[in-house]
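Q: Only the shape, not the letters, is given here:
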DNA sequence: ATGGTCGTCCCACGA
């Protein structure tokens, strides 16, 4: 069994204490992180390596930044989403992980991708078409990766609430870039490639959220959105054993506004 | 309620 998780930490340096505590408690095998908000040189590498994790990351000052952590050997495949040479935002990293393999089983290579999809607000700015185009480019990349027929896990902050039951107040959020039909259509196109939403597959229309705005006591009222997702290739989905959202880190003092989403694969 | 949250960086901006 292997546990995968995705977490937008909203600054890895501000959240390093919470991150270390959560890694110790939850013991995920593979972690996708987003919004590191730091350059690679100032990423708290040693503290995480001390817990037994290998690290692949792409950093950026102040904004964005994504990483993959893994207990098993890790190699970086790609640190930029293809399709736009001018796009230098640190929103995509793809890694290969060599699992040990069980009794009588060969070593298994699996692929883990951490994505931080652009927020896209305000929708009347250039940020919205950038988001839509970014999701289309992601689709192009994933269409290719799916031909490899690997165990593939694409985790991240997609900045899309796929359906109204993923939003505490769908009417209030209808015009937001996280819920707009253009955003949802491009997210659905990812699923139509043959990917499975690990949380939705086992929990249905659950009203389970992964993000709560800091403002206005939204956390206390459980007024959140589900915008962090783990998408699985068929080879991964066949082995999906469990999934959930770990609300623990969101309860703490000085939390990220997101909390980890996880799934267990029977590998 | 001329407010309201947080992180980064120093003045707003992005989320």
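A: Happy to help now that I have it. Keep in mind that this is a model prediction, so the values were computed, not measured.

Q: Let me know whether residue A:182 touches residue A:133 as I believe.
A: No: applying Cβ atoms under 8 Å as the test, residue A:182 and residue A:133 come out as separate, 10.9 Å apart. To be clear about C-beta, it is placed using only N, CA and C from the backbone, and glycine gets the same treatment.

Q: Quick one: residues contacting residue A:202.
A: A:240, A:242-243 (Cβ atoms under 8 Å, 6 or more residues apart in numbering).

Q: mind redoing it with 10 Å?
A: Residue A:202 sits next to A:196, A:240-244, A:263 when contact means Cβ atoms under 10 Å, 6 or more residues apart in numbering.

Q: Please apply the same query to residue A:115.
A: Counting by Cβ under 10 Å, 6+ apart, residue A:115 touches A:6, A:32, A:34, A:66, A:81, A:91-94, A:134-135, A:138, A:141-142, A:154-159, A:229, A:231.

Q: For it, name its beta-bridge partners.
A: Per DSSP bridges, the residues bridged to residue A:115 are residue A:92, residue A:156.

Q: Phi first, then psi, for the nearest residue to residue A:173 once chain neighbours are set aside.
A: Excluding the flanking residues, the one nearest residue A:173 by Cβ to Cβ, 6 or more residues apart in numbering is residue A:179, at 4.6 Å. Backbone torsions of residue A:179, given as degrees, to the nearest 10, read phi -120, psi -10.

Q: And residue A:78, by the same measure?
A: Backbone geometry at residue A:78, expressed as degrees, to the nearest 10, gives phi -170, psi 130.

Q: if we can go back for a sec, restricted to strands, list the contacts of residue A:115.
A: A:6, A:32, A:34, A:66, A:92-94, A:154-157, A:229, A:231 (DSSP state E).

Q: between the helix of greatest length in chain A and strand A:228-232, how many degrees?
A: Identified as the longest helix of chain A according to DSSP state H is helix A:127-146. Angle of helix A:127-146 versus strand A:228-232, following axes from the mean of the first three to the mean of the last three Cα atoms, to 10 degrees, is 30 degrees.

Q: Could I get the buried residue list for helix A:127-146?
A: Within helix A:127-146, the residues scored as buried using 16 or more other Cβ atoms under 10 Å are A:128, A:130-132, A:134-135, A:137-139, A:141-142, A:145-146.

Q: Give me the secondary structure label for residue A:205.
A: Secondary structure for residue A:205, judged by DSSP: H, G, I helix; E, B strand; the rest coil, is coil.

Q: can you pull the contacts of it?
A: Residue A:205 makes contacts with A:163-166, as judged by Cβ under 10 Å, 6+ apart.

Q: mind putting those in TSV, secondary structure included?
A: As requested, those are exported to TSV (three-state DSSP):
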residue	secondary structure
A:163	coil
A:164	helix
A:165	helix
A:166	helix
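
Q: Out of these, grab the one that's most surrounded.
A: Within the contacts of residue A:205, most neighbours by other Cβ atoms under 10 Å means residue A:166, with 26 neighbours.

Q: any idea how far that one lies from residue A:213?
A: Relative to residue A:213, residue A:166 is positioned 15 Å away (Cβ to Cβ, to the nearest Å).

Q: How many residues are close by the nearest residue to residue A:65 once chain neighbours are set aside?
A: Excluding its sequence neighbours, the residue lying closest to residue A:65 (Cβ to Cβ, 6+ apart) is residue A:36, at 3.0 Å. Using other Cβ under 10 Å, the number of residues around residue A:36 comes to 29.
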